[in-house]
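Engineer: only the shape, not the letters, is given here:
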């Protein structure tokens, strides 16, 4: 089995690589890279990566190409449609725009670049891009329900983790959290 770790070029995934099996291929990229031959991988996982890619559909196409039939792709991405962003939008209290002049709209399907090479995505946009690449979405998990500093000071960590875990499946139907996981399969 081969494993590819894909992360931003300025990220440090070397600690992960040192602990991985000898068959590990470590790839660091801020763009789509060649992952191997057609149908070469059974699984691909990307966590905290998509929000640094300019061309996510091209990355999904590359992932679909290298996945074997029945292969699984698991990704986590930064959602622009979360409760805090919606509240800021409705109250007109978004943080200052650092790239372009677009107002952060959590309801717009288009990716939002809030800082250079830092994108937030609408969940439906991600799912459409996966489908266009030939990947079928099978499961969703909403995570980080309690990413609020004051709440973290008041509620014990174990309780927050247990509550977040309990809400993950329900959040898949109502995904209004800052981070989402999607599992897709190549038919």
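Structural biologist: Nice, I can see it. Keep in mind that what you see is a predicted model, and the values were worked out from it rather than measured. Numbering: from 1, shown residues only.

Engineer: longest strand of the chain?
Structural biologist: strand 67-78 (DSSP state E).

Engineer: so how far is that one off the chain centroid?
Structural biologist: How far strand 67-78 lies from its chain's middle: 11 Å, per CA atoms, centre = their mean, to the nearest Å.

Engineer: repeat that for stretch 168-187.
Structural biologist: In terms of CA atoms, centre = their mean, the centre of stretch 168-187 is set 10 Å apart from its chain centre.

Engineer: before we move on, the earlier item: show me what secondary structure element comes after the longest strand of the chain.
Structural biologist: Scanning forward in sequence from strand 67-78 by DSSP states H and E, the next helix or strand is helix 83-90.

Engineer: so what touches that following helix?
Structural biologist: Outside helix 83-90, the residues within contact range by CB atoms under 8 Å, 6 or more residues apart in numbering are 93-95, 103-107, 120, 147-148, 176-178. Any C-beta I mention is one placed from the backbone N, CA and C, and that applies to glycine too.

Engineer: for the protein, which helix is longest?
Structural biologist: helix 157-173 (DSSP state H).

Engineer: show me what the residue positioned nearest the centre of the chain bridges to in the sheet.
Structural biologist: By CA atoms, centre = their mean, the chain has its centre lying nearest to residue 77, at 1.7 Å. With DSSP bridges as the criterion, residue 77 is bridged to residue 180.

Engineer: pLDDT below threshold where in this protein?
Structural biologist: For the chain, the stretches flagged by pLDDT under 70 are 1-35, 95-102.

Engineer: how far out from the middle of the chain is stretch 138-146?
Structural biologist: For stretch 138-146, the distance to the chain centre is 11 Å (CA atoms, centre = their mean).

Engineer: would you mind listing the buried residues in it?
Structural biologist: 140-146 (16 or more other CB atoms under 10 Å).

Engineer: now the strands for this protein?
Structural biologist: Using DSSP E, strands in the chain cover 3-7, 24-28, 41-46, 67-78, 112-115, 118-120, 136-143, 179-185.

Engineer: returning to that earlier point: buried subset of the contacts of helix 83-90, written for PyMOL?
Structural biologist: Buried subset of those, written as a PyMOL selection, criterion 16+ other CB under 10 Å:
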select buried, resi 104+105+106+120+147+176+177+178
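
Engineer: got the end-to-end distance for stretch 169-187?
Structural biologist: 23 Å (CA to CA, to the nearest Å).

Engineer: how near is residue 155 to residue 88?
Structural biologist: 23 Å (CB to CB, to the nearest Å).

Engineer: and residue 115, by the same measure?
Structural biologist: 16 Å.

Engineer: settle it for me: which of the two has more neighbours?
Structural biologist: Neighbour count, other CB atoms under 10 Å: between residue 115 and residue 88, residue 88 has more, with 15 against 11.

Engineer: since that was my last question, I'll sign off now.
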